[in-house]
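Colleague: just to be clear, the model below is a prediction. Sequence and coordinates:
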Amino acid sequence: MRSLRVRWLRHPFLFAYVIVLLASHAWIYWRHSPDAYGQPHLNSPAARAAIDPESDRTAGFVAVPRYQPDGPINPAPPVIIHYEDWHRSQADKKEVLILLHGSPGRVGSFRSLVPELNKDLYAIAPDLPGFGRSTRAIPDYGIRAQARYVLAFMDALGIPKAHFWAYSMSSGIVLEMSRMAPDRIQSAIFYGGIGIQSGEGSGDYTIEHLKYRAGYVCFYLLPELIPHFGLIPDRSYRHSFIRNFMDTDQRPLRTALENFPAPLLILHGVRDPLVLPWVAEEHHRLAPHSQLVMLPGSHFLIFHTDGVHVLAAETNRFLRELQQSQSIKEFTHYEARPDAEIELPLDLSIEPGSAISAWTRLLGIISGTFVSEDLTCISVGLLIRARQLDFFTGLLGCYVGIFLGDVGLYFLGVMVRLGLLRWRKAAALLQHDRLQGLADRFDREGWKLIIMSRFLPGTRFPVYTGAGLIGGHATRLILFALIAGLLWTPLLVLLTAFYGAGILELANQVFGVGWLALACTLIVLYLMVRAALMLLSTEGRYRLWARLERLRRPEFWPPLLFYAPLIPVVAYLIVRYRGFESVAAVNPGIEDGGFIGESKAAILKRLPAEVVPDFVLIPVGTVLERMQAIDTHIRKRGWTFPLIVKPDAAQRGVGLRLVRNRQEIVAYLPDHPLPLVLQVYHPGPYEAGVFYVRHPNEVRGRIFSITDKVFPILIGDGKHTLRELIFRHKRFRLQADIFCARHAERLDTIPAAGEAIRLTVAGNHFQGTLFRDGAHLITPELTDSVDAIARAFPGFYFGRFDVRYSDVDAFKAGRDLAIIELNGGTSESTNIYDPEKSIRFLYATLFRQWNLLFQIGYANRRRGQPVKTVWRLLMEIVYYLRRRTRSVVAD
């Protein structure tokens with residue numbers, strides 16, 4: 001007993017939950033008599049009392065046999081049916097109108113409608129078994145069993161035949177009655193009525209009954225685990241409602257409609273979301289003697305005063321016409337047209353003639369989630385709003401696809417783990433006590449990560465694959481993946497269904513109905529979803545602000561957008577200077593003018609040795625061969641660490657490393673098999689990009705621009721982690737991805753107060769360095785020095801020197817220049833990336849640069865410089881892209 005008490009005390013919240021749940025059930029039992037779950041409140045089945053003399057409404061009970069779909073159950077206690085009737089006086093001389101409520105429902109649904117109907121009718125409305133004050137517990141709640149109860153109810157009251165007014169689900173009861181006793185139906189009025197199987201949700205019997213079974217769990221069983229104290233409808237009510245659908249089979253109803261024996265009036269709302277308007281039109285087409293009246297409104301007109309007036313007027317008209325001529329004139333009448341639904345450039349509807357089955361749609365949605373979960377859920381939401389897809393099929397497809405994707409990622413991690421276990425060292429690591437402890441902790445607390453990964457972008461893959469890799473328990477992960485999907489999937493689908501229509505409508509107005517409007521809508525909704533998810537975390541909010549800020553700053557625009565204004569300018573220059581080949585002739589001393597893939601070492605060798613930090617080219621070879629060559633060069637040249645190592649052909653600082661010891665070089669070599677440059681490290685601390693131009697016909701050149709490079713240095717505060725410091729910095733958060741990738745191992749450490757962390761070594765904008773316009777650094781002395789260096793390089797006219805220096809005044813005086821790199825024809829005047837410069841300055845500088853590029857190249861062509869064709873240049877690009885290093889993050 002004591003151990004049990006101790007276990008409860010370890011889980012106080014669980015203990016409190018159980019106590020509150022028991023109190024809730026006790027309260028519900030006390031507030032509701034036992035009869036509420038099985039028998040009527042009134043004891044006497046024969047009791048009858050006037051309950052509303054002014055409306056001539058009375059109530060009563062009758063006892064009928066207990067039925068299954070195929071017939072009565074004997075022996076068995078009777079079923080008590082409660083009913084209300086109107087205009088009972090001289091009932092034996094009046095025609096009878098029996099009103100059948102929907103599901104869920106009760107006789108109260110008709111208390112506003114009946115007083116407006118013809119007083120010459122004896123109107124009776126029963127509580128169908130399972131509902132209202134009739135017996136709640138019955139063997140079968142489906143429409144076929146209910147049809148037998150209605151016929152038995154008529155027998156008990158001595159009614160040989162009647163007119164029927166059936167709402168929603170009850171139209172199926174009347175159709176089943178027409179198969180059992182067609183002569184007992186004088187006429188029928190269906191409002192919002194069910195019928196053909198294809199009109200039920202997805203249109204597929206199996207999928208629909210899977211939906212109802214899921215509903216049984218969600219709406220009947222799960223509420224019993226919620227301490228709601230009677231705020232949720234009682235269990236018998238929920239049970240009857242769900243079982244009514246579960247026990248119903250609509251597949252025979254098409255034949256019943258085709259052979260319906262009596263005149264039929266079909267009333268239907270043009271905006272009915274439960275039984276779509278096309279279903280009513282199909283019922284009208286199938287029924288031999290029917291009228292169709294499409295009404296303004298939806299499925300619930302019977303609960304609104306104006307709707308009741310319309311329904312009563314149409315009912316009285318129909319019965320009056322039938323009374324006068326014993327027949328009806330078939331017609332279709334639209335009192336209102338439906339509001340325009342959102343228009344899509346595709347048709348996936350389930351209307352008659354559709355070639356797309358419910359299972360095809362379901363499998364298509366599941367497959368779509370494997371490509372993009374969010375886009376698939378958004379697309380499903382739009383299809384639901386357009387009434388081309390039922391909610392359950394869409395939701396089920398998204399949910400199953402997301403769940404399978406999550407489990408698939410977990411088993412991907414498991415497979416990687418099994419593969420690693422074959423290696424002795426990896427197996428020892430995976431079976432280490434600390435990793436096993438991590439797996440145990442994931443089993444205990446991993447549910448938090450699983451739930452979180454549904455709502456935080458970028459966390460799903462590492463959470464699920466990581467769980468499989470460390471050996472997390474599969475059963476628990478699958479359980480919480482199911483729960484996480486239940487929380488996330490309906491939310492996204494429903495939000496899209498409700499709010500996506502407005503965006504699509506706007507896109508249709510701008511672009512016209514078509515694929516472009518749909519694509520724009522999907523993109524906008526996708527971005528809205530991602531933005532909303534990012535707002536859920538502090539880092540996500542910083543990332544969102546950073547992305548919005550990057551959109552505002554041209555320095556961070558994607559190349560396609562950034563260079564778009566340059567396209568017409570280049571086209572003009574190609575025409576003016578007779579071909580694009582002029583670009584490759586701009587620097588005869590560099591291969592292809594420095595167009596792409598030029599050797600850094602070959603260029604540095606042609607510069608004066610006194611201005612270039614010592615370097616050596618390491619050719620292709622095995623790791624051992626190249627390491628031996630590196631050791632030899634370091635020993636012979638007397639170099640000391642740190643050193644710079646970088647690919648001989650690369651752009652944007654890709655692959656550059658500051659290596660501090662021999663082990664770091666050994667680790668670097670396997671990922672960079674192409675020729676490398678090993679260079680003495682110049683500590684700076686300053687670096688500039690000096691853009692130089694000289695016309696071939698001119699003796700002296702000039703500095704076109706200077707970029708002053710500001711290296712990102714972060715100062716610790718002793719409180720926040722490196723990751724937090726990066727995202728809290730207004731500039732650094734704009735390039736947080738590159739900084740976080742570079743410093744991944746120490747992101748969660750807290751730098752000491754005042755500690756300076758240099759976030760990048762490479763003086764490249766892509767790698768995180770801030771570029772400023774350095775026009776203030778240009779002096780006649782610096783121009784003379786740079787011009788002398790450039791003219792010492794035969795065949796060089798256009799390009800950018802990357803220069804390191806230790807003193808600003810010495811640099812401006814033309815001294816203290818250490819050229820670490822020279823870029824040729826496709827180099828840029830990188831001062832255009834200064835965030836304080838205007839977009840006008842940016843493109844004016846870029847246009848002048850490209851004009852000079854073509855001008856100088858064309859002059860060299862006229863002097864006889866041979867060039868490659870455009871086709872050969874394109875092949876050079878392809879060759880470079882195929883061979884370039886894949887490691888984009890530099891030091």
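Modeller: That came through, no problem.

Colleague: continuing past the lengthiest helix in the chain, what's the next helix or strand?
Modeller: The longest helix of the chain (DSSP state H) is helix 474-511. Remark: after helix 474-511, the chain's next helix or strand is helix 515-534, criterion DSSP states H and E.

Colleague: which residues sit against the helix or strand following that next one?
Modeller: Note on helix 515-534: by DSSP H and E, the next helix or strand toward the C-terminus is helix 538-552. For helix 538-552, the external contacting residues (CB atoms under 8 Å, 6 or more residues apart in numbering) are 456-457, 531, 533-535, 556-557, 723, 727-728, 733-734, 736. No exception for glycine: its C-beta is placed from N, CA and C like everyone else's.

Colleague: buried set for the longest helix of the chain?
Modeller: In terms of neighbour count (16 or more other CB atoms under 10 Å), helix 474-511 has its buried residues at 476-477, 480-481, 484-485, 488-489, 492-493, 495-497, 500-501, 503-505, 507-508.

Colleague: swap in stretch 755-770?
Modeller: 757, 759-770.

Colleague: that stretch: end-to-end distance?
Modeller: 21 Å (CA to CA, to the nearest Å).

Colleague: contacts for that stretch next, please.
Modeller: Taking CB under 8 Å, 6+ apart as the rule, stretch 755-770 contacts 555, 652-653, 656, 658, 687, 689, 709-716, 722, 726, 731-732, 735, 738-739, 742-743, 751, 771, 802, 804, 830, 833, 835, 888-891.

Colleague: thinking again about what came up before, and the contacts of helix 538-552, which two are furthest apart?
Modeller: L456 and W557 (27.0 Å; CB to CB).

Colleague: and these two? which has more neighbours close in?
Modeller: Taking neighbours as other CB atoms under 10 Å, L456 and W557 compare with L456 leading, 17 against 14.

Colleague: as CSV, the contacts of helix 538-552 with secondary structure would be great.
Modeller: Listed next are the contacts of helix 538-552 as CSV, based on DSSP: H, G, I helix; E, B strand; the rest coil:
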residue, secondary structure
L456, coil
P457, coil
A531, helix
L533, helix
M534, helix
L535, coil
F556, helix
W557, coil
R723, helix
F727, helix
R728, helix
R733, helix
L734, helix
A736, helix
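
Colleague: tell me the one of those nearest Y577?
Modeller: Using CB to CB, the contacts of helix 538-552 come closest to Y577 at W557, 27.3 Å.

Colleague: where's the closest one relative to G394, distance?
Modeller: According to CB to CB, to the nearest Å, W557 and G394 sit 37 Å apart.

Colleague: do the same with L842
Modeller: 47 Å.

Colleague: then D183?
Modeller: In terms of CB to CB, D183 sits 43 Å off from G394.

Colleague: show me where the protein dips below the pLDDT cut-off.
Modeller: Under the criterion pLDDT under 70, the flagged ranges of the chain are 1-11, 32-55, 91, 326-328, 330-356, 420-447, 457-458, 870, 873, 876-891.

Colleague: the more surrounded of D183 and G394?
Modeller: Neighbours per residue (other CB under 10 Å) separate D183 from G394, with G394 holding more: 27 against 10.

Colleague: just list what the strand or helix carrying that one packs against, helices and strands only.
Modeller: G394 is part of helix 391-420, with elements assigned from DSSP H and E. Judged by 3 or more CB pairs under 8 Å, 6 or more residues apart in numbering; DSSP states H and E, helix 391-420 is in contact with helix 205-216, helix 358-371, helix 373-385, helix 424-430, helix 460-470, helix 474-511.

Colleague: export those as CSV, with columns for distance to Q197.
Modeller: Shown next, in CSV, are the helices and strands packed on helix 391-420 (distance: least, CB to CB, whole Å):
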stretch, distance to Q197
helix 205-216, 6
helix 358-371, 11
helix 373-385, 20
helix 424-430, 53
helix 460-470, 38
helix 474-511, 24
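
Colleague: the inter-axis angle of the helix holding G394 versus helix 205-216?
Modeller: Taking axes from the mean of the first three to the mean of the last three CA atoms, to 10 degrees, helix 391-420 and helix 205-216 form an angle of 90 degrees between their directions.

Colleague: show the contacting residues for the spatially most central residue of the chain.
Modeller: In the chain, the residue lying closest to the centroid (CA atoms, centre = their mean) is D374, at 1.6 Å. D374 is in contact with L492, Y526, V529, R530, counting by CB under 8 Å, 6+ apart.

Colleague: distance of it from L527?
Modeller: Applying CB to CB, the value for D374 to L527 is 10 Å.

Colleague: could you do S187 as well?
Modeller: To L527, S187 is 56 Å away according to CB to CB.
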